[in-house]
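Participant: Provide a 3D model corresponding to the input given below.
(2 chains)
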Amino acid sequence: MEQKQKRPAGNKFRAIRFVVIFALLEALFYVVWMGSFFEDHILPLYLRAMAESCSSVMSVFGESVHANGDSMEGPQFSMVINRGCDGLEALALYCAAVSAFPARVRSKLLGIFLGAPLLVVINFLRLITLYYSGVHAPSIFEPLHLVVWPAIIIFASVALWILWARMETVTPQVQ
Amino acid sequence: MISIKTAIWFFVRASVVFSVLSLPLWFLGAPVYRTMFGAEIQSLTAIITKVKPSVTFEVEAVTPENNSLGRDFNITLFNHKVHRLTRGKTSSYFIGFMPIIAVVALVVATPMPRFRMLRSLAWGVLWINVFVVFRLIALFVLLYVGTGKTDPKNYWENTGQSLSTVMNDLPTVSFGAAIIVWVIVVFKDGAGRFSFGKEERG
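Facilitator: This is a model prediction of the structure:
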């Protein structure tokens, strides 16, 4: 016999609340991210740190790349890390999704502290592969830059969020 | 409980579906969707002109220049009341197609029964098209505001410019909208109710 499963009455409200809080946090991020204070004082430091870290990692593997401000320069190819290539949007998206989800604050903080570094690492990989594609396969640089990598980093943040959210929501049944 | 393997599988599937759907478009110029997008712009401008006869539009499909984020439509707005015009550009790919295939990729990558997937796809494509229309309307509003008198502190101009950047220049905004639509269409159970709360493992 088929049994109808009863769901908690507040589910619809919880989902709508999630969507609203998520959208508001994303909007807040874009207000701050596009603001002149962030653009003038914080973003250049972050982009410089990204360029220096990526150049250092590539130097370990024998590439003669050096950072010059927010750009990575080598003998064959140079690229500037701009706003949009910083990975902050994906990071904000993940943090907004985790923060908006109905869960305990401790669990949210744990999700952010564990997930955020992973997304930063993925963005590192993005910049390094973009540099290598610029050197070795310039024809695929633009599709990689504008299509493939934005999708990968966003889907990675969604996958991380799903993993965290499911771990958070599935609770063991009391025997 | 969902495993790391399932999450990785979701990520791989979504990335592959998205890349496969987007790459032919990138290389071939997407004539089919571009035509549809052009028709969407024409219909919207016709409605606006009907509602506000002092405003007319000129829409021109162009070949995108390099590093122009694929902007392939030039839109000129004439405000006959103040005898001024403003020009804007939009991209059928980044503004229209990208959010649609992002929703498709997210839905296809989500493990669920086939019928539910098809239903979610249908609803997802519908909702994301509402977002595309909203984006275009936002562009038209910005063009219209641009024909008005500018304020001395350039507040509205700056705000409009920032909004335009967010709505028209940043590819990730498409993904943000796609994720919201995906949450709405996928996290619904068979009876059309949201299943988003605490679940019990049994």
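Participant: is it fair to say A:Met72 lies in a strand?
Facilitator: Yes: A:Met72: assigned to a strand according to DSSP: H, G, I helix; E, B strand; the rest coil.
Participant: Isn't it up against A:Ser56?
Facilitator: No: assessed by C-beta atoms under 8 Å, A:Met72 is found out of contact with A:Ser56, at 10.5 Å. The way it works is simple: take the backbone N, C-alpha and C, and place the C-beta from them, glycine included.
Participant: Who has more neighbours out of the two?
Facilitator: Using other C-beta atoms under 10 Å in any protein chain shown, the more surrounded residue of A:Met72 and A:Ser56 is A:Met72, with 25 against 12.
Participant: So which residues make contact with the host helix or strand of B:Val103?
Facilitator: Using DSSP states H and E, the element containing B:Val103 is helix B:98-109. With C-beta atoms under 8 Å, 6 or more residues apart in numbering or on different chains as the test, helix B:98-109 has contacts from A:147, A:151, A:154-155, A:158, B:9-11, B:13-15, B:17-18, B:21-22, B:117, B:120-121, B:124-125, B:127-129, B:131-132, B:171, B:174-175, B:177-179, B:181-182, B:185-186.
Participant: let's see 7 Å
Facilitator: Residues outside helix B:98-109 that contact it (C-beta atoms under 7 Å, 6 or more residues apart in numbering or on different chains) are A:158, B:10, B:13-14, B:17-18, B:21-22, B:117, B:120-121, B:124-125, B:128, B:131-132, B:171, B:174-175, B:177-178, B:181-182, B:185-186.
Participant: Of these, which belong to helices?
Facilitator: Counted as lying in helices by DSSP state H, out of the contacts of helix B:98-109, are A:158, B:10, B:13-14, B:17-18, B:21-22, B:117, B:120-121, B:124-125, B:128, B:131-132, B:171, B:174-175, B:177-178, B:181-182, B:185-186.
Participant: I'd like to know how many residues surround residue 138.
Facilitator: Picked chain A for this. Counted with other C-beta under 10 Å, residues neighbouring A:Pro138 total 11.
Participant: look at chain B instead
Facilitator: When neighbours are counted by other C-beta under 10 Å, B:Ala138 comes out with 16.
Participant: Mind listing what's buried along the longest helix along chain A?
Facilitator: Across chain A, the helix with the greatest residue count (assigned by DSSP H) is helix A:105-136. When neighbours are counted by 16 or more other C-beta atoms under 10 Å in any protein chain shown, the buried residues of helix A:105-136 are found to be A:108, A:110-112, A:115-116, A:119-120, A:122-123, A:126-131, A:133-135.
Participant: Likewise for stretch B:34-51?
Facilitator: So, applying 16+ other C-beta under 10 Å, buried residues of stretch B:34-51: B:Arg34, B:Phe37, B:Gly38, B:Glu40, B:Ile41, B:Leu44, B:Thr45, B:Ile48.
Participant: could you list every residue that touches the fourth one?
Facilitator: With contact taken as C-beta under 7 Å, 6+ apart, B:Glu40 is in contact with no other residue.
Participant: and what of B:Thr147?
Facilitator: With C-beta under 7 Å, 6+ apart, B:Thr147 has these contacts: B:Leu77, B:Asn79, B:Val82, B:Arg84, B:Leu85, B:Thr86.
Participant: out of the residues you listed, who has the most neighbours?
Facilitator: Compared across the contacts of B:Thr147, B:Leu77 has the highest neighbour count, 22 neighbours, by other C-beta under 10 Å.
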